[in-house]
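>>> okay, sequence plus prediction incoming.
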Amino acid sequence: MPIALLTGPANAGKAEVVIDALRRHMAHGEQPLLIVPTRADTEHYTRELAGEGTALGVRVERFDGLIAEAVRRAQTGGVVLGGLARECVLAAIASGSAVVDADGGARADQPPPAAAGLVHALAVALAELRVRRVSAARLARALEDWAAEDGAASAVSELGRFYREYERTLERLRRVDGEQRAVRALDALRQAPRLWGGTPVLFYGFDDLTPLQIDAIETLGRVVDARVTVSLTYEPGRVAFAGRAATFAALYPLAAEHRELGARADYYAAQARRPLSHLERSLFEPNAARMDPAGAVRLLEGGGERAELELVAREITGLLSDGMAPEEIAVAVRAPGATAELLEEVFSAAGIPYALQLRRRFADTALGGALNGLLRCTPHAADGTDTSAGELSDLMAWLRAPGFLERPELADALELTARRSGAASAAQARALWEQRNWPLETIDQLADAQARGPVALIDRVERELGWIFSAPRRGSASVLGAEELDDARALASRHLAGAI
């Protein structure tokens with residue numbers, strides 16, 4: 001089956017062509033996969049397809065979802081070493097302090113002193129080597145030949161040593177990294193194309209494609225014989241797309257069909273069409289002519305942050321009065337976290353309906369704050385000696401997790417007693433609690449799990465996370481509020497189990 005390559009500038013109608021291709025696959029009784037770059041894209045296109053009754057036969061996934069499907073169909077697998085665990089392993093190898101537990105947990109005798117920049121560079125280099133199917137032995141031979149010619153023995157031998165030790169460590173851990181898992185699945189599909197089953201795959205919305213993504217496109221379209229459609233925002237000769245020229249050059253020879261879409265000015269509102277189309281067509285171009293913005297691009301200046309937001313609110317009110325749908329209006333701010341409260345205040349006062357997209361740190365949620373407090377209260381020494389640096393506030397953060405105590409006033413009584421008696425540490429506050437109430441055995445259980453290794457600790461922490469989240473909702477079917485949704489998203493997006 002041919003690979004169809006679809007290119008064109010921004011707003012050229014590529015999404016419409018991709019959706020039409022999805023409909024054709026559906027009309028032939030196929031169940032295509034639509035691959036998009038972000039989680040927000042999966043939600044958006046799932047809703048859009050559901051609105052037109054197409055979603056029942058289409059799966060919208062990110063690239064990781066495509067690889068997971070390839071792994072399932074190719075019947076390859078292996079426990080994946082997560083990103084955090086890989087950094088820890090590489091840091092330990094770089095510092096020369098790597099140790100491997102018998103049960104597969106990775107440790108270091110001491111905190112690895114390797115610089116974060118070095119660890120990141122190693123991770124990027126090793127990931128690329130994996131994707132290009134370069135083994136440690138092959139790399140070592142190439143580096144030896146290069147060193148013999150250029151005399152760079154010390155520098156290149158270190159890279160070879162890192163890679164060799166990394167491979168050995170993964171074998172001892174009985175783990176595979178993400179790239180190794182993906183490459184194994186793609187290679188298995190190349191050897192047995194029937195395993196894929198002919199499911200069509202469509203790529204849309206990617207700013208650029210990685211070598212692994214191009215590898216997957218080639219495997220599915222050229223070897224497995226599945227229908228693959230790839231949409232790429234690209235136009236030859238444009239400065240704005242110069243960085244994607246290499247990706248286009250890699251895809252073009254693979255494609256049996258190449259469709260170029262031209263620029264479309266009618267994407268923009270009639271009153272703003274000429275200036276915005278000109279801006280899109282001339283962006284970054286040298287010696288581009290200037291054009292009168294005609295009100296399509298305006299600068300609003302206020303005497304301060306509130307004044308500027310009030311001007312924005314006035315503009316939005318005017319747009320809403322003219323009949324524009326609220327969901328068609330976007331407000332971009334430089335630092336959402338710092339501006340969120342003021343924006344909510346100004347927009348609420350102006351009667352503007354809004355949905356604030358704000359990312360919060362896990363530690364800033366009620367769930368994350370409770371878990372962090374609990375972990376700080378946990379003894380770190382293998383013999384159970386309390387060497388934690390936990391403070392009274394850490395223990396209180398855990399005890400005050402919503403729903404943790406049926407009688408929240410017990411936490412207030414503990415804090416009052418601790419402050420009056422001068423108990424500043426978590427251990428001292430715990431002793432006061434256990435004099436009047438029940439033992440806080442969870443702290444000891446976490447310490448025991450920590451002594452058994454990272455895998456046991458992560459498993460115990462995940463169970464505790466689930467317990468803390470569900471505690472205030474047991475036996476009810478309550479609707480989650482805004483803050484509770486933050487906790488739910490944090491719980492759903494955690495990847496602790498994949499970190500080792």
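Yes, it's here. Because the structure is a prediction, the values reported are computed rather than measured. Numbering: from 1, shown residues only.

>>> show the pLDDT at A332.
A332 is assigned 89 on the pLDDT scale.

>>> now name the helix or strand holding it.
Counting by DSSP states H and E, there is no helix or strand that carries A332.

>>> lowest average confidence, helix or strand, in this structure?
strand 106-108 (a mean of 44; mean pLDDT, DSSP states H and E).

>>> next structured bit after that one?
From strand 106-108, the next helix or strand downstream (DSSP H and E) is helix 116-131.

>>> output the contacting helices and strands for that following helix.
Counting contacts by 3 or more CB pairs under 8 Å, 6 or more residues apart in numbering; DSSP states H and E, helix 116-131 is packed against helix 83-95, helix 153-173, helix 178-191, helix 211-218. (C-beta placed from N, C-alpha, C; glycine too.)

>>> want to throw those into JSON lines with mean neighbour count?
Shown next, in JSON lines, are these (neighbours: other CB atoms under 10 Å):
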{"stretch": "helix 83-95", "mean neighbour count": "21"}
{"stretch": "helix 153-173", "mean neighbour count": "16"}
{"stretch": "helix 178-191", "mean neighbour count": "20"}
{"stretch": "helix 211-218", "mean neighbour count": "20"}
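
>>> the ones you listed: which one's closest to N11?
Closest of the helices and strands packed on helix 116-131 to N11 is helix 211-218, at 23.2 Å (criterion: CB to CB).

>>> let me know the average pLDDT across the closest one.
96.

>>> mind listing what the helix or strand following it pairs with, with the direction of each?
Per DSSP H and E, the first helix or strand lying C-terminal to helix 211-218 is strand 228-233. Strand 228-233 has its sheet partners listed here by DSSP bridges as strand 3-8 (parallel), strand 201-203 (parallel).

>>> tell me which of those strands sits most buried.
strand 201-203 (a mean of 25; mean count of other CB atoms under 10 Å).

>>> give me the pLDDT value at G373.
For G373, pLDDT reads 92.

>>> that one contacts M396, correct?
Yes: the pair G373 and M396 passes the contact test of CB atoms under 8 Å, sitting 7.3 Å apart.

>>> these two: who's more crowded?
G373 (22 against 18; other CB atoms under 10 Å).

>>> let me know the secondary structure of that one.
Classification of G373 by DSSP: H, G, I helix; E, B strand; the rest coil places it in helix.

>>> tell me the contacts of it?
Counting by CB atoms under 8 Å, 6 or more residues apart in numbering, G373 makes contact with 390, 393-398.

>>> low-scoring stretches of the protein, by residue?
Within the chain, the stretches with pLDDT under 70 are 1, 52-56, 97-114, 150-157, 380-389, 473-500.

>>> ok, which stretches of it are strands?
Secondary structure of the chain (DSSP state E): strands located at 3-8, 33-35, 59-61, 98-100, 106-108, 201-203, 228-233, 257-260.

>>> adding distance to R161, write the ones you listed out as CSV.
Shown next, in CSV, are those (distance: least, CB to CB, whole Å):
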stretch, distance to R161
strand 3-8, 40
strand 33-35, 37
strand 59-61, 38
strand 98-100, 12
strand 106-108, 17
strand 201-203, 38
strand 228-233, 39
strand 257-260, 45
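
>>> V297: which of these is closest?
strand 228-233 (21.7 Å).

>>> got the angle between that closest one and helix 211-218?
Strand 228-233 runs at 140 degrees relative to helix 211-218, counting by axes from the mean of the first three to the mean of the last three CA atoms, to 10 degrees.

>>> quick one: the helices in the stretch 301-450 of the chain?
Applying DSSP state H, counting those that start in this stretch to the stretch 301-450 of the chain gives helices spanning 305-321, 336-349, 366-376, 392-399, 409-421, 426-436, 441-452.

>>> list the buried ones in the fifth one?
Of the residues in helix 409-421, 411, 414-415, 418 count as buried by neighbour count, 16 or more other CB atoms under 10 Å.

>>> one more: the last one?
Across helix 441-452, burial judged by 16+ other CB under 10 Å covers 442-443, 446-450.

>>> the closest residue to N372 other than its chain neighbours and G304: what is the separation?
Leaving aside its sequence neighbours, N372 sits nearest to A363 (CB to CB, 6 or more residues apart in numbering; 5.4 Å). According to CB to CB, to the nearest Å, A363 stands 31 Å off from G304.

>>> contact partners for R86?
So R86 contacts 123, 177 (CB under 8 Å, 6+ apart).

>>> V71: which of the buried residues of helix 441-452 is nearest?
A449 (29.1 Å).

>>> how about that closest one: what's its closest non-neighbour residue?
R460 (3.9 Å).

>>> including distance to L465, could the buried residues of helix 409-421 go into TSV?
Formatted as TSV, the buried residues of helix 409-421 follow (distance: CB to CB, whole Å):
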residue	distance to L465
A411	20
L414	23
E415	24
A418	26
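
>>> surely A94 touches L122?
Yes: using CB under 8 Å, A94 is in contact with L122, at 6.7 Å.

>>> what do these two both touch?
Residues touching both A94 and L122 (CB under 8 Å, 6+ apart) are F162.

>>> show me the chain divided up by domain.
Domain assignment for the chain by automatic domain parsing gives 3-76+182-263, 83-175, 269-296, 305-349, 362-499.

>>> residue contacts, R463?
With contacts defined as CB under 8 Å, 6+ apart, R463 has no neighbours.

>>> same thing but 10 Å
Residues near R463 by CB atoms under 10 Å, 6 or more residues apart in numbering: 445, 449.

>>> likewise Y163?
93, 122, 125-126, 129-130, 134-140, 143.

>>> quick one: buried ones out of those residues?
The buried subset of these - by 16+ other CB under 10 Å - is 93, 122, 126, 129-130, 136, 139-140, 143.

>>> can I get those in TSV with distance to R172?
TSV is the format used below for these (distance: CB to CB, whole Å):
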residue	distance to R172
I93	12
L122	18
L126	17
L129	19
R130	18
A136	14
L139	20
A140	19
L143	23
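
>>> ok, so of these, who is nearest A431?
I93 (41.6 Å).

>>> ok, the spatially closest residue to the closest one that is not a sequence neighbour - contacts?
Leaving aside its chain neighbours, I93 sits nearest to E165 (4.9 Å; criterion: CB to CB, 6+ apart). Residues counted as contacts of E165 (CB under 10 Å, 6+ apart) are 89-90, 92-94, 96, 98, 136.
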